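**Q** below is the sequence, then the predicted model.
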Amino acid sequence: MDFKRLRILRELADRGTVGATAEAMHVTPSAVSQQLKTLQDELGVVLIEKAGRGVRLTEAGLAMASAAADVSTAMARAEATIDTYRHGWQAHVRAAFFPSAAEMFLPGLLHRVGAVDGLHLEAHFEDPGVAGFAGLAADYDIVLAHSVDGPEVFASPGLVVVPLLNEPLDVAMQAGHALASKSRLTARDVVGYPWMGVPEGFPFDAVLRQIEKQAGSTAVRAQLFPDLRVLEALVSAGHGLALLPRYTAAANQGRGFVLRPLVGVTARRSIVALARPDVAARTTIRKVLEMLRQEAESVAAGRGPGDF
């Protein structure tokens with residue numbers, strides 16, 4: 001059984017189309033199709049079937065794709081063991097960050113990475129909706145993701161989920177706002193004001209829907225914008241309220257806005273690191289994941305990003 005063909009099957013399971021699989025493996029779509037046909041002939045079972053203009057994995061194909069992931073993980077662990085003995089490792093790590101995760105973790109993480117001779121971190125910007133984070137693990141060694149529904153929303157047999165931080169979401173308002181005199185806010189306090197929100201599908205919108213449900217009233221989403229710094233600017237200018245993550249926004253208080261905690265609503269986001277199991281088994285990736293955990297502890301302890 002050819003491991004390369006198993007890898008192609010695994011990539012097809014993760015990416016969904018022959019074209020995307022071919023692009024990821026730097027081969028032609030016809031080469032992917034031929035390798036999959038050969039694998040089917042070798043195994044004597046049907047692994048893929050036509051579905052409209054594309055293909056989909058059969059039950060046997062899905063089972064073999066899962067087995068291929070297990071094989072990749074086992075090989076990565078074996079390679080990591082050898083790496084330990086010959087004092088070598090993967091020198092280049094590619095990681096995807098959504099904006100506020102980069103703001104919190106990247107400055108300090110680069111200091112930690114820089115202290116390891118020969119190790120280089122290549123950071124990329126990615127900010128999909130919640131459902132899009134898992135798929136990025138096919139293109140990056142590590143993906144930083146966030147959700148208001150807890151780390152378990154990312155649980156999957158094809159992913160290792162490393163919880164990093166539970167960050168409160170606070171209500172931001174202009175410094176002179178009528179609500180600024182309150183130390184804590186309820187859903188009824190805030191639902192009637194204009195909101196500087198985020199597009200549907202982004203995590204913070206789910207919390208605003210909780211506020212609406214708790215208050216029994218619909219909030220006015222005056223603006224929808226996915227950039228937190230823009231939301232801070234809009235709030236500071238007096239255009240309405242916004243939900244902002246405490247650890248990143250707190251450092252910017254005093255620039256025209258203040259933060260107040262919500263009570264009676266689950267207002268927090270879970271920040272996690274995602275990786276494929278075979279990637280997470282590599283010596284270097286384990287080391288970088290541990291650095292991320294240390295950065296998260298530093299942020300939560302209030303020492304600030306990079307202050308270790």
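**A** Looks like it came in fine. Bear in mind the structure is a predicted one, so any value in this text is a computation, not a measurement. Numbers count the residues shown, from 1 in each chain.

**Q** how distant is the helix or strand bottoming out on mean pLDDT in the chain from the center of its chain?
**A** Lowest by mean pLDDT, DSSP states H and E among the helices and strands of the chain is helix 59-86, with a mean of 72. A distance of 23 Å separates the C-alpha centroid of helix 59-86 from that of its chain, computed with CA atoms, centre = their mean, to the nearest Å.

**Q** helices or strands up against it?
**A** Applying 3 or more CB pairs under 8 Å, 6 or more residues apart in numbering; DSSP states H and E, we find helix 59-86 packed against helix 3-15, helix 277-280, helix 283-300. Backbone N, C-alpha and C define where each C-beta goes, glycine included.

**Q** adding distance to Pro194 and mean neighbour count, write these out as a markdown table.
**A** Formatted as a markdown table, these follow (distance: least, CB to CB, whole Å; neighbours: other CB atoms under 10 Å):
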| stretch | distance to Pro194 | mean neighbour count |
| --- | --- | --- |
| helix 3-15 | 41 | 20 |
| helix 277-280 | 43 | 22 |
| helix 283-300 | 31 | 19 |
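
**Q** who wins for proximity to Ile271 among those helices?
**A** Judged by CB to CB, the one of these that comes nearest to Ile271 is helix 283-300, at 7.2 Å.

**Q** show me where pLDDT drops low in the stretch 1-150 of the chain?
**A** Scanning the stretch 1-150 of the chain for pLDDT under 70 picks out 1-3, 79-89.

**Q** now do the buried residues in stretch 108-127.
**A** Gly108, Leu109, Arg112, Val113, Leu119, Leu121, Ala123, Glu126, Asp127 (16 or more other CB atoms under 10 Å).

**Q** returning to that earlier point: what comes up buried for whichever helix or strand comes after the least confident helix or strand of the chain?
**A** Sequence order places strand 92-97 as the next helix or strand after helix 59-86, per DSSP states H and E. Residues of strand 92-97 classed as buried: Val93, Ala95, Ala96, Phe97 (neighbour count, 16+ other CB under 10 Å).

**Q** tell me the contacts of Ala222?
**A** Going by CB atoms under 8 Å, 6 or more residues apart in numbering, Ala222 touches Pro194, Trp195, Met196, Gly197, His239, Gly240.

**Q** so the third one makes contact with Leu234?
**A** Yes - contact criterion CB atoms under 8 Å: Met196 and Leu234 qualify, at 4.5 Å.

**Q** which neighbours do these two share?
**A** Counting by CB under 8 Å, 6+ apart, the residues touching both Met196 and Leu234 are Gln223, Phe225, Gly240, Ala242.

**Q** you'd agree the third one is up against Val191?
**A** What it means is Gly240. No - judged on CB under 8 Å, Gly240 makes no contact with Val191 at a distance of 11.9 Å.

**Q** and the two most separated of the buried residues of stretch 108-127?
**A** Leu119 and Asp127 (25.5 Å).

**Q** re the thing from before, distance to Ala134 added to the helices and strands packed on helix 59-86, as JSON lines?
**A** Shown next, in JSON lines, are the helices and strands packed on helix 59-86 (distance: least, CB to CB, whole Å):
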{"stretch": "helix 3-15", "distance to Ala134": "9"}
{"stretch": "helix 277-280", "distance to Ala134": "13"}
{"stretch": "helix 283-300", "distance to Ala134": "17"}
